[in-house]
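Engineer: fold the stuff below for me.
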Amino acid sequence: MRAFIILFTSFFYTGYAPKASGTVATFAFLPVYWFFLRDMQSVPYVIITVVLVLAGIWASNYAIVIHGKKDPSRVVIDEVAGYMVTMMFIPYTDSRMIIGFFASRFFDIIKLFPARQSEALPGGTGIMIDDVIAGIQANIFMWAVIYFKLDLPLQQLISNVFIP
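Structural biologist: So this is what the prediction gives:
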């Protein structure tokens, strides 16, 4: 069980990156998102996200004991969940996936109210919920990007460079 907890909470050991482990984990999750989640219908996507958050809370409680820290930097499943929340209901384009990556990381790092305050919640709940809140904030930002069509120049660049 210990090995599974470490594997899961570190998102396949990406949490062991010497620097920016949350960013490394989120970046490592992008192929998973691209291959399996980008065109998924809303209901299964929400179910998977909720299950991931609940499993993350459960596993993070054990990871706290394993690592002996309140919020171990090796626990990065929260960043993966935060990215999933960021991209929830967002119609897929390559540019939105990329912008969502940066938005997810930005809002997780700056921790606007009430994300910072939610870190004080006990155990795995405090580890996971701040990233869920940051993901909600990033999701709102993504809808603003879509509304103001700020993703179109990047999408055009991607199309011109990578799709001949």
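
Engineer: mean confidence score for stretch 99-113?
Structural biologist: Averaging pLDDT along stretch 99-113 gives 97.

Engineer: scratch that, stretch 137-149
Structural biologist: On average, stretch 137-149 scores 96.

Engineer: so how far is that stretch off the chain centroid?
Structural biologist: A distance of 16 Å separates the centroid of the chain from that of stretch 137-149, by C-alpha atoms, centre = their mean, to the nearest Å.

Engineer: can you give me the buried ones in that stretch?
Structural biologist: Neighbour counts over stretch 137-149 (16 or more other C-beta atoms under 10 Å) mark 137, 138, 139, 141, 142, 145, 146 as buried. For the C-beta atoms, the positions are set from N, CA and C on the backbone; glycine is no exception.

Engineer: hmm, the fourth one is touching residue 105, no?
Structural biologist: Looking back up the chat, that one is residue 141. No. Here residue 141 does not reach residue 105: they are 11.9 Å apart, not a contact under C-beta atoms under 8 Å.

Engineer: now do the contacts for residue 82.
Structural biologist: 26, 104, 107, 108, 131, 132, 134, 135, 138 (C-beta atoms under 8 Å, 6 or more residues apart in numbering).
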